[in-house]
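**Student:** Sharing a sequence plus its predicted fold:
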Amino acid sequence: MPSEEEIGTVIPDDEDSTWIAIFEYTDSGYIEDSEKDNIDADALLDSYKEGTAEDNKEKDPSMHLFVDDWDVKPTYDADSNRLVWSLLAHNARNEKIINYNMRVLTRSGYISIILVSDPEHLQADRKELEQRVLSTFQVTAGKRYEDYDKSTDKKAEYGLTGLVLGGAGVAVAKKLGFLALLKKFWIVIVAAIVGVWRLITGKKKKQEEPAEAQNEMQNEIQSESVRDNNTPPPPAT
């Protein structure tokens, strides 16, 4: 299984902000992008819906989750080696849930950038993330996707579709079955969304730190996100 290492979390210093971005690195091995023109978004969406419907059968009705549609269908940019997708869902209280995901492919794995927002502010929050963070985010030379050396570097067992489904878990799908895989990883995704959203809403109940300190922390996180790509994470335990 790939090892994951959290690079950092970006929390805007504006007390009225409604988003948070989580950065993680996964040492999965080089991921081929040969599926870039053949990602079946409709099939993936149907499978997510089936997976959550099966999971709902094992839960109390108050805990049910329903996948509605793609906010952004899985899309790959070959120039920047970025895979983006976003799912829309709602819970039993008809509260909307949305998560925006980006995977940046590298020579030895990928960087996960997860934007958690709400439907009302998503477009503005996405733009702010692009302008304030991603515009200066880059993988260090020598670790970039195009630096892959097939004679020495390891290779992942899955492609772009696998990233949408949860990375290395796709290899497990051969044993567990496609539906079981989707159930597992959707539960993980939802748990992350709920936890992060509590962090977002909870921080508004606390006194904000001085703006200077917040800006310093954000700059440090952004610098760390680039620097950490030079060093593979420790092996999974």
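**Tutor:** That came through, no problem.
**Student:** contacts, neighbours, all on C-alpha from now
**Tutor:** Will do.
**Student:** mind checking the SS state of residue 161?
**Tutor:** For residue 161, the assignment made with DSSP: H, G, I helix; E, B strand; the rest coil gives helix.
**Student:** list the contacts for it?
**Tutor:** Remark: with contacts taken as C-alpha atoms under 8 Å, 6 or more residues apart in numbering, residue 161 is in contact with 35, 39.
**Student:** again, only using 10 Å
**Tutor:** 33, 35, 36, 38, 39, 40, 41, 44, 74, 83, 167, 170 (C-alpha atoms under 10 Å, 6 or more residues apart in numbering).
**Student:** Among these, name the ones in strands.
**Tutor:** 74, 83 (DSSP state E).
**Student:** Just put the contacts of residue 161 in JSON lines and tack on neighbour count and pLDDT.
**Tutor:** Listed next are the contacts of residue 161 as JSON lines, based on neighbours: other C-alpha atoms under 10 Å; pLDDT from 0 to 100:
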{"residue": "33", "neighbour count": "17", "pLDDT": "96"}
{"residue": "35", "neighbour count": "12", "pLDDT": "94"}
{"residue": "36", "neighbour count": "16", "pLDDT": "94"}
{"residue": "38", "neighbour count": "9", "pLDDT": "91"}
{"residue": "39", "neighbour count": "18", "pLDDT": "92"}
{"residue": "40", "neighbour count": "12", "pLDDT": "91"}
{"residue": "41", "neighbour count": "17", "pLDDT": "93"}
{"residue": "44", "neighbour count": "18", "pLDDT": "84"}
{"residue": "74", "neighbour count": "22", "pLDDT": "95"}
{"residue": "83", "neighbour count": "22", "pLDDT": "96"}
{"residue": "167", "neighbour count": "22", "pLDDT": "49"}
{"residue": "170", "neighbour count": "22", "pLDDT": "38"}
